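[1] After the sequence you'll find the predicted model.
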Amino acid sequence: MRFIIPFTTRAKVIIQDLWKHNLGWDDPIELLHLRESWLTWVGELPTLTKLQFPRAYTPASADNPSAIRELHVFSDASERAYGSVAYLRTTDDQGQVILTFVLARSRVAPRKCLSIPRLELCAALTGAQLGKVIQTELTIPVHKVTFWSDSTTVLYWLTSESCRYKVFVGTRVAEIQTLTEMSEWRCVESSHNPADHITRGLRLTELAGHHQWSSGPAFLIQSPDQWPSMPKTEGEPDCNELLKSVFIATVSVPSSSLPDPSQFHTWQELVLATVKSLHGVATTDTDSPTEASEYIEAEKLLLAQAQMESFPIAWADSYGVLVTSN
């Protein structure tokens, strides 16, 4: 059930540091701080035999159909690791609350440096996935699921449309929104977040005793009206993840008023017909006076229309706009 993840994640981080220095499996650890960290971790292994945690989620007195069961999933991240942990909160007929450790998972942060909000989002995704797995695999009914995060930025992202953000954030927000409902997410302070122990690590002696990791956060024993509430936020908490706005203008070149070139035998006839159509002259009266500028205007319109129809992409690029015709 990955009860000792705060301990094993410490080893994952050490191994990642060894890889960063291109050390093989059989190479000696020359770096003093890494060797001391590794030997300290190995020295704690004998304490594993002292670890105990109950296999039953609830005592027999609370194992009945009238009991109310809630799943609470906490997530957290740091520069080195992120993960999530789940607890089952059971309320029996007398109103007594029992908290039990269910499952946890962790990941080492990628070598490519990511911002803390992005890592917190990755942690929230592991929490959403963990909640889905537990609900699918548990044979006992779960009446309510609550997800907890200490990142107000992530909670804000989850209230928005995923298409507003860059690919990294948008895809993860979309998956979380598919697996969970926004009403299921709540904010918790880091000091009350048991998933914080995944990122900071714990010694086996701490896991062997009474600890928040094994017993769950104390506030869940209280009534829901005393649980942490969402702090007020003003505006977008992290504008760097928003997609940049792109302005697209449209230039419409009317073509319905211009004559059809296929109906004329010569360029001169087409230009003359264009001049008359532009000025609303329906007849072919050649005695009407026409200025030279009108012929020039007609020729420009005909050439522009031909260019737009024959080379639409080049036409759009030359003006920096999207060109359409009516």
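    It's in.

[2] packing partners for whichever helix in the chain runs longest?
    Longest helix of the chain, by residue count under DSSP state H: helix 116-137. The contact analysis (3 or more C-beta pairs under 8 Å, 6 or more residues apart in numbering; DSSP states H and E) places helix 116-137 against strand 68-77, strand 81-91, strand 97-108, strand 144-149, helix 152-158, helix 167-179. To be clear about C-beta, it is placed using only N, CA and C from the backbone, and glycine gets the same treatment.

[3] Output those as CSV; include the columns mean neighbour count, mean pLDDT and distance to P259.
    CSV is the format used below for those (neighbours: other C-beta atoms under 10 Å; pLDDT from 0 to 100; distance: least, C-beta to C-beta, whole Å):
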stretch, mean neighbour count, mean pLDDT, distance to P259
strand 68-77, 25, 96, 68
strand 81-91, 24, 96, 68
strand 97-108, 20, 95, 68
strand 144-149, 22, 96, 66
helix 152-158, 22, 93, 56
helix 167-179, 17, 95, 49
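
[4] out of those, which comes closest to P46?
    strand 97-108 (22.6 Å; C-beta to C-beta).

[5] now that closest one against helix 116-137, angle please.
    When axes from the mean of the first three to the mean of the last three C-alpha atoms, to 10 degrees is applied, the directions of strand 97-108 and helix 116-137 differ by 120 degrees.

[6] got the angle for strand 97-108 vs strand 68-77?
    30 degrees.

[7] about what we covered before: do you know which of the helices and strands packed on helix 116-137 lies nearest N193?
    Nearest of the helices and strands packed on helix 116-137 (C-beta to C-beta): strand 68-77, 5.4 Å.

[8] circling back: could I get the helices and strands packed on helix 116-137 as JSON lines with distance to S277?
    Shown next, in JSON lines, are the helices and strands packed on helix 116-137 (distance: least, C-beta to C-beta, whole Å):
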{"stretch": "strand 68-77", "distance to S277": "68"}
{"stretch": "strand 81-91", "distance to S277": "69"}
{"stretch": "strand 97-108", "distance to S277": "70"}
{"stretch": "strand 144-149", "distance to S277": "66"}
{"stretch": "helix 152-158", "distance to S277": "56"}
{"stretch": "helix 167-179", "distance to S277": "50"}
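
[9] Ok, which of those comes nearest L301?
    Here helix 167-179 is closest among those (C-beta to C-beta), at 43.6 Å.
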